[in-house]
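S.K.: Next comes the sequence, and after it the predicted model I'd like to discuss.
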Amino acid sequence: MRGLVRIRHRWLVALLGVVLVTASCAADDGASDTAADAMGEAQAAQSNAELALTDAQAAAAKAREAQAAADTAAAAAKLAQATAEGNQEAVAQAEADLAAAQAAAEEARADAAAAQAEADDAAAAAAAAAAAAAAPTAAPEPATEEDTERVLVVGVPGDIETLDTCCANFIRAHEALELVYEPPVLHRTVEQNGALVGAAGDLMPRYFESWEAHPDGLTYTVKVRPGVLFDDGTEVTAETVRFMTERNLNTPGGANWLLRNIAFIQEPPEVLDEYTLRFTSSEASPMVMEHFYMTSSAIIDPKVIEKYATEDDPWAMEHLSRNVENASGPFRLVSRIPDQEVVFEARENYSFEPQAYDRIIWKIIPSNAERVQLLKAGVIDVAIALGTEDFAALEGAEGVNVERFPSKNLAYMGLGNRIAPFDDKTVRQAVSYAVDYDDILNNVYKGEAQRLYGPIAPGSYSSLGDSIGYRRDLAQAQELLDSSSYDGSTVTLSIDAAKGEHELIAVRIQAHLADIGMDVAIERLPSPVYAERKVGENRMQMFIDEGLPWIDDPNYTLSVFMLSGVFGNYAQYENERVDQIINEGWGILDRDERAATFEEAQRIITDDAPWVFLALPDYKIAMRDTVEGFVLYPNAIPRLAGLRPAG
């Protein structure tokens, strides 16, 4: 917390540049008294700004402390209840929850104390600056070149989970990796309704210069662009790509899964010459080239891997998870303070377009409300991962722009297909008819979302759109529920407590289902617990979640969310015919034929109602009006390197 103001100090000074220049000009004209007054006022204004910010941070820290105390009390109550009931499994879980809550409370108390100390320091500095403002002050020194350094400060909610391209499964990791490692291809930027987006399926070269699909549907010849350099001047060649593919095929992460299950590449490519390779798939897939845009295919220097490889860790996964060495992307990582700050510095020998900023600094600020306040104050330039209520708080804020894009992010309520009563299809259908979708669209998303009708987003080439899906029909819902196996017991709807929108949805669904006599208890889980229960043995009965298909293709979407047994099938849905369609669909390369094939799958899934298909929330990002150039790519990961000063 203390480092936030100190590191930001020089940019606060820069924000007062107009005042300082005015003072300097006055001195040149002989008006030294005017210059001194202006300088003193500028310094006092700066100190007052810092005081306001630290007060806001202290208040936010106090709020987190209070919330942590409440969480501890709730965990203690659950433990007492589980103990009284004699449920040993629940007791063990409650004990673990209580320990985690106590640790979080202790951390929150420490943060609050540090924030208050920072506020006290800022108050003293403001008082001193106010006193000094009345004293004679020399004219300022001319601005140095260092003061004109172009810096972008980004507020993010959490730290980087891993820096290894093979195994990045979370958003912060992808955001960081796109700064330091170069992908082989990227989606071409187009303008749609005044917004810049990466066009799905329209790839442009990066370190892949060109590619050719052979008539057999299995073979691809790829040319590597000559002259693409790592930070130390080493050139990327065909052998570099071969080595990275071999590593991805032999490490247990998303890169492995994409190669083997989306591109069906089971072996490293054959090197034909210094810049030419041949990839061969074991089965036909329309997504071989498309999958290369993801960070898992970004290039790492083999020398670094070989340097840190050990007998137990032949691919240097432990080292690369925490370090970036010899970057290939537009920035290098120069410093990192865990859970506080990450600093990226522009590479001088980057092989593509010049960087608009000399440095990009991440400030790790878990509180959404605090990121909003710091953005309003101009301390950060971009606020990542805000929710609907946060954007509402920014409405009309001076100097802040909120950019909005239609999205294919699927918001849904998962129903545990193996957990009673939702192992009964009739119950799932009853719930789907009972939900008031317009209520959620209007009162949660405030009209900034589209309706989702089935497993594939409207706007995708294969989607059936509103020709399928459920609309609220309480009579139909009641009839289905009365004819089902539902015994009237309370059901539990679990949410990630860190996601305010999901709680708003849960409260409304609780009311909707009460209309058909289904009592719903809302369970608020810490993010790590929620994530574990999506995939662990103790699955959730009902849950609110979102999922974004990173490739706009029915095979990809359904393989990730609806194929039996896959990681992302959190509702544990199973249908043999759907599995058959997914598995057979890979070999169909004609777009129209693929759309017709997956029509049947969409109708089956919608009828089975493994999810309650809710909405497609718009993607939004908040930035100062001094920043422009944001492009929304299909995976909705902000490519911060593409941002630039406005004007």
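M.R.: In hand now; what should we look at? Keep in mind it's a predicted model, so treat the numbers as computed, not measured. Numbering: from 1, shown residues only.
S.K.: how near is Val228 to Gly329?
M.R.: Look at Val228 and Gly329: by CB to CB, to the nearest Å, they are 11 Å apart. Any C-beta I mention is one placed from the backbone N, CA and C, and that applies to glycine too.
S.K.: need the contact list for Gln478.
M.R.: By CB atoms under 8 Å, 6 or more residues apart in numbering, the contact list for Gln478 reads 430, 516-517.
S.K.: how about a cut-off of 6 Å?
M.R.: Taking CB atoms under 6 Å, 6 or more residues apart in numbering as the criterion, Gln478 is in contact with Ile516.
S.K.: End to end on stretch 545-561, go ahead and measure it.
M.R.: The first and final residues of stretch 545-561 sit 12 Å from each other (CA to CA, to the nearest Å).
S.K.: brain fart, stretch 566-577
M.R.: Using CA to CA, the gap from the first to the last residue of stretch 566-577 comes to 16 Å.
S.K.: so where's the stretch 151-300 of the chain shaky on pLDDT?
M.R.: Across the stretch 151-300 of the chain, no stretch falls below the confidence threshold (pLDDT under 70).
S.K.: any idea whether Gly227 is helix, strand or coil?
M.R.: The three-state label given to Gly227 by DSSP: H, G, I helix; E, B strand; the rest coil is coil.
S.K.: burial count for it?
M.R.: By other CB atoms under 10 Å, the residues close to Gly227 number 11.
S.K.: With adjacent residues omitted, what lies nearest to it?
M.R.: Here the nearest residue to Gly227 in space, its sequence neighbours aside, is Ser351; by CB to CB, 6 or more residues apart in numbering that works out to 6.3 Å.
S.K.: The one you found: what secondary structure?
M.R.: coil.
S.K.: count of residues packed around it?
M.R.: Taking other CB under 10 Å as the neighbour definition, Ser351 ends up with a count of 19.
S.K.: And for Gly536?
M.R.: The burial metric for Gly536, expressed as a neighbour count using other CB under 10 Å, is 10.
S.K.: same deal with the one 4 residues further on?
M.R.: One way to gauge burial is a neighbour count; for Met540, by other CB under 10 Å, it gives 23.
S.K.: same deal with Thr162?
M.R.: As a burial measure, Thr162 scores 20 neighbours (other CB under 10 Å).
S.K.: Please apply the same query to Ala411.
M.R.: Burial of Ala411, expressed as a neighbour count using other CB under 10 Å, amounts to 24.
S.K.: Can you show me the CA trace of whichever strand or helix holds it as PDB?
M.R.: Taking DSSP states H and E as the definition, one finds Ala411 inside strand 410-415. Taking only C-alpha atoms (Å, rounded to 0.1, in the frame of the first residue of the first chain), the coordinates of strand 410-415 have been written out as PDB:
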ATOM      1  CA  LEU A 410     -21.800 -17.100 -21.800                       C
ATOM      2  CA  ALA A 411     -23.400 -16.300 -18.500                       C
ATOM      3  CA  TYR A 412     -25.400 -19.300 -17.100                       C
ATOM      4  CA  MET A 413     -26.600 -21.100 -14.100                       C
ATOM      5  CA  GLY A 414     -25.100 -24.600 -14.000                       C
ATOM      6  CA  LEU A 415     -27.300 -27.400 -12.600                       C
END
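S.K.: any idea how far that strand is from the chain center?
M.R.: Here strand 410-415 is found 18 Å from its chain centre; the criterion is CA atoms, centre = their mean, to the nearest Å.
S.K.: That's all I had, so thanks and see you.
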